[in-house]
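> need a 3D model of the sequence below.
(2 chains)
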Protein chains: 2
Amino acid sequence: MGHPITVQLIENPNGINDCPGFKASAVACDIREKGDLKRLDLAIVTTDAPCSAAGVFTMNDVCAAPVHLCREILAKPDAKVGGFVVNSGNANAATAEKGMADAKEMSTLAQLETGIGSPFLVCSTGRIGRKLPMGRIKSGIAAAAQRLSHGTQASLDTADAILTSDTRRKVATAQFEYKGKTLTVAGCAKGAGMIEPNMATMLAFLATDLDVNNLALKNTLTLACNQTFNRISIDGDMSTNDTVLLLASGHSGMAPDEDAGLLQAFRDAVFLVCDTLAEKIVGDGEKVTKLVEIIVKGCQSEEDAEKVARCVGNSLLVKTSWYGSDPNWGRLADAAGYARVGLKEECFDIHYDEVPALIGGIPQDAYLSQWKRIVAKKRFRITLNLNQGKGEFRLLTSDLSEAYVDFNKSE
Amino acid sequence: MGHPITVQLIENPNGINDCPGFKASAVACDIREKGDLKRLDLAIVTTDAPCSAAGVFTMNDVCAAPVHLCREILAKPDAKVGGFVVNSGNANAATAEKGMADAKEMSTLAQLETGIGSPFLVCSTGRIGRKLPMGRIKSGIAAAAQRLSHGTQASLDTADAILTSDTRRKVATAQFEYKGKTLTVAGCAKGAGMIEPNMATMLAFLATDLDVNNLALKNTLTLACNQTFNRISIDGDMSTNDTVLLLASGHSGMAPDEDAGLLQAFRDAVFLVCDTLAEKIVGDGEKVTKLVEIIVKGCQSEEDAEKVARCVGNSLLVKTSWYGSDPNWGRLADAAGYARVGLKEECFDIHYDEVPALIGGIPQDAYLSQWKRIVAKKRFRITLNLNQGKGEFRLLTSDLSEAYVDFNKSE
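Take a look at the predicted model:
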């Protein structure tokens, strides 16, 4: 193997259509039934020809109908898809048999209206437990299929159409050069509330122009999700609809099958896009004012480190103290303690950024003013070292504001 | 065994001194160091003679020094104690060796100042990670030891001295008649934030005039705690200081050792006092506006039912929707699903009080107006039936308000 290939994010990414071989379009069909005829809420993405695909889905026992359908479609090892159709404003979750029939109808309609001879994947996001307004959805799919475009605006509109309580569009594109060609992984995502293990209430769509089979796509995507989307947390809730899809158009004609260097570059690109989108999701969490990176070290296993990180990252008392810029390391120690991984107080270190708060269980009160300055920042890092092993875990999380409560108290 | 003995709560309970053989006193010594010389923050409770005792403590890996000390004192099967000393305003947690020395000094001082020849148990509650102001504590213990009294006011003052962010005093007393005598279990507690499995940030003190050995006390108390204090939740955090103590003065001369009927009545009385105090704790959770009883049924085991109940009861999205009086059963289904106990949507029922929201996975939208009326109440019940087994669990929990966030954002 030669020199590793350099993979870089591009500036000013435009979403899916940054990747050759994809077309997109988005329409407003008032799925929220609030009379808003301007808000984009349905999108279709297709390839020029049926393409390989992989998906990673919520681990929730209660899965939305579209998640069931996607799993069904992708169950065949050699499945090809025509693309995907996605709506926001209604999750089509907890909608029983009618929900399943509606998801299938969305898939069939997208296939018919685009004239592509392979099934479409389906995603929905929004309120749980309401039937989809299928009349609006049908005319939306028909309208979207008429406008499919390789252009930038269609791609940005698609990234907008999937948003729910997000305040910002989330797109990222990674590229690398190989044998004289520029190869691409492009993506868009939606996040906001309910972000916790296993990608809660988030959708992400990635596209590549490499020629990759379903199995290699699945392996690459699973690995990337475990390292990125599964390591972010806003409120500890896990949704019924989490889905990450990766489609490969093969448009470049380049296949990484037996080329370890190219495969690694592809993996790096998928990781980079997922990581960038994951960070944008936390940064745009519902009413989040601060981004906090929790690094847990020195555990007896990675699983233990993950437990500690999630206890700390999901503690209401910890999150509210960040919101108040209070360097309350006692709450960190308390939350780490109830992870119950055998933490020994006399070995336990806590740092805010590089500044010690607790060393070997002893408070470092001399640094109080520095702790305060760090916790007042928009982004900071907390390192918890149990000094009992080599297990590590990193979690990206956020504070909890009064506005979050206000925002979520009714829908 | 004859007719079961009737155990009843008394009206207008006054705390520990409702139980013969105990003395109490409380003083204000400004442990918060805010110059407040009126707030009661230290109390001593003693018996006329050294007595048997049992404790149930936090499961947190990070334990406060007084928890370590209590465990040490009660490790001997035949340990007798002189009583206990308790302070609020400072948890003496994450205070390393100095904290342990301070806790021991509190114990020794209480023993010396009261002149009782047995060690004192020690409890502290308040902010984590700060050294106790031992000067104030010492003079507080000396002053309190001078004023020990069997009277009502001293008992109520003691119940007040243990409060932190609580807004109300929490006392309960149960009594029953046996062989012409009135026997008593009396208690007081503090709760507020950080209430979750295993009794987080709560202290409870129970006293009885029965003659019960340490082992029987421990068994009775453990059983009662598992059914009461361990089934309440406010914010999902578990504290470093949770302690429930039960002291038996033997003042009545009645021993349940070989009297099954008397033992059962004693257990019922301990349960009743714990259950009453637990409910008062949830009802007085930090900025709580609603009390919600979650009943999970039809799981394959009690453990599974507990997982579902805790996922639902601790979900921020669920708790904020209660606060907003939004009957968002979709969030209930989502949270139940991420407990990952193998919930089958097509078997799943949800009720608000007696009104169906979901039956066999199918929404019962016709009842929307009734759901709304129920969720707007100060107290309601949610029943989740998975219809897959006989495992059940009941959890008492609360909503989450903006005021909670505001209250906890700094200390």
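> the lengthiest helix in chain A: which residues count as buried?
What stands out as the longest helix in chain A, according to DSSP state H, is helix A:260-283. Buried residues in helix A:260-283, counted by 16 or more other C-beta atoms under 10 Å in any protein chain shown: A:262-263, A:265-283. Every residue, glycine included, has its C-beta placed from N, CA and C.
> following it, which helix or strand comes up?
Later in the chain than helix A:260-283, the nearest helix or strand by DSSP states H and E is strand A:291-299.
> same for that next one, what does it pack against?
Taking 3 or more C-beta pairs under 8 Å, 6 or more residues apart in numbering or on different chains; DSSP states H and E as the contact definition, the neighbouring helices and strands of strand A:291-299 are helix A:260-283, helix A:302-314, strand A:379-385, strand A:391-398.
> A:Ala216 contacts A:Asp259, doesn't it?
No: the pair formed by A:Ala216 and A:Asp259 falls short of the contact definition of C-beta atoms under 8 Å, at 11.4 Å.
> excluding sequence neighbours, find me the nearest residue to A:Pro77.
Excluding the flanking residues, the one nearest A:Pro77 by C-beta to C-beta, 6 or more residues apart in numbering or on different chains is A:Asn214, at 6.1 Å.
> burial measure for that neighbour, as a count.
21 (other C-beta atoms under 10 Å in any protein chain shown).
> give me the low-pLDDT residue ranges for chain A?
With pLDDT under 70 as the threshold, chain A has low-confidence stretches at A:1-2, A:192-201, A:233-238, A:285-286, A:403-404, A:406-411.
> how many other residues sit next to the closest residue to A:Ala248 other than its chain neighbours?
Counting by C-beta to C-beta, 6+ apart, A:Val212 is the residue found nearest to A:Ala248 once chain neighbours are left out, at 4.4 Å. Burial measure for A:Val212: 29 neighbouring residues, criterion other C-beta under 10 Å.
> now A:Val212. Its backbone dihedrals?
The main-chain torsion angles of A:Val212 are listed as degrees, to the nearest 10 and equal phi -130, psi 140.
> that one: what's it in contact with?
The neighbours of A:Val212, taking C-beta atoms under 8 Å, 6 or more residues apart in numbering or on different chains as the test, are A:52, A:220, A:248, A:250, A:255-256, A:266.
> distance check, it against chain B.
Note on A:Val212: its distance to chain B, by C-beta to the nearest C-beta, to the nearest Å, is 31 Å.
> do the same with A:Asn230
With distances defined as C-beta to the nearest C-beta, the gap from A:Asn230 to chain B amounts to 13 Å.
> swap in A:Thr182?
Noted for A:Thr182: a distance of 41 Å to chain B, by C-beta to the nearest C-beta.
> what of A:Arg147?
Note on A:Arg147: its distance to chain B, by C-beta to the nearest C-beta, is 32 Å.
> burial check on that residue, number of neighbours?
Neighbours of A:Arg147 (other C-beta under 10 Å): 15.
> kindly report the same for the one 3 residues further on.
A count of nearby residues for A:His150, using other C-beta under 10 Å, gives 13.
> start and end of stretch A:160-167, how far apart?
Between the opening and closing residues of stretch A:160-167 there is a gap of 10 Å (C-alpha to C-alpha, to the nearest Å).
> buried ones in that stretch, by neighbour count?
Buried residues in stretch A:160-167, counted by 16+ other C-beta under 10 Å: A:160-166.
> surely A:Met100 touches A:Pro66?
No: in this structure A:Met100 lies outside contact range of A:Pro66 using C-beta under 8 Å: 9.1 Å.
> between the two, who's got more neighbours?
Under the criterion of other C-beta under 10 Å, the comparison of A:Met100 against A:Pro66 puts A:Pro66 first, with 32 against 17.
> wait, what's in contact with the more buried one?
With contacts defined as C-beta under 8 Å, 6+ apart, A:Pro66 is in contact with A:92, A:103, A:106, A:122-124, A:241, A:243.
> reformat these as CSV; add secondary structure.
Rendered in CSV, the data for those read as follows (DSSP: H, G, I helix; E, B strand; the rest coil):
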residue, secondary structure
A:Asn92, coil
A:Ala103, helix
A:Met106, helix
A:Val122, strand
A:Cys123, strand
A:Ser124, strand
A:Asn241, coil
A:Thr243, strand
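> out of these, which one sits closest to B:Gln300?
Nearest to B:Gln300 among these, counting by C-beta to C-beta, is A:Asn241 at 25.9 Å.
> ok, the closest one - contacts?
Contacts here follow C-beta under 8 Å, 6+ apart; on that basis A:Asn241 touches A:58, A:63-64, A:66-67, A:91, A:93, A:123-125, A:201, A:203.
> same thing with A:Ala172?
Under the criterion of C-beta under 8 Å, 6+ apart, the neighbours of A:Ala172 are A:9, A:13, A:186-188, A:272-273, A:276-277, A:280.
> hmm, what's the outermost residue in chain A?
Of all residues in chain A, the one whose C-alpha sits farthest from the chain's mean C-alpha position, using C-alpha atoms, centre = their mean, is A:Ala366 at 39.9 Å.
> quick check, that one in a helix?
Yes: per three-state DSSP, A:Ala366 lies within a helix segment.
> one step back: is chain B contacted by the longest helix of chain A?
No: for a cut-off given as C-beta under 8 Å from any C-beta of the partner chain, helix A:260-283 has no contacts with chain B; the smallest distance is 15.2 Å.
> relative to A:Ile359, how far out is the residue farthest from the centre of chain A?
11 Å (C-beta to C-beta, to the nearest Å).
> for A:Gly115, same thing?
Distance, A:Gly115 to A:Ile359, using C-beta to C-beta: 67 Å.
> neighbour count for those two, which is higher?
In this view A:Gly115 and A:Ile359 are compared by other C-beta under 10 Å, and A:Ile359 has more residues nearby, 13 against 9.
> who's in contact with that one?
Shown here is A:Ile359, whose contacts under the criterion C-beta under 8 Å, 6+ apart are A:Asp349.
> so which bits of the stretch 251-400 of chain A are right by chain B?
By the criterion of C-beta under 8 Å from any C-beta, the positions of the stretch 251-400 of chain A lying close to chain B are A:314-317, A:320-321, A:323-326, A:328-331, A:333-346, A:348, A:358, A:361-363, A:400.
> can you flag the buried ones in the residues you listed?
In these, burial by neighbour count holds for A:314-317, A:320-321, A:323-326, A:328-331, A:333-341, A:343, A:345, A:348, A:358, A:361-363, A:400, counting by 16+ other C-beta under 10 Å.
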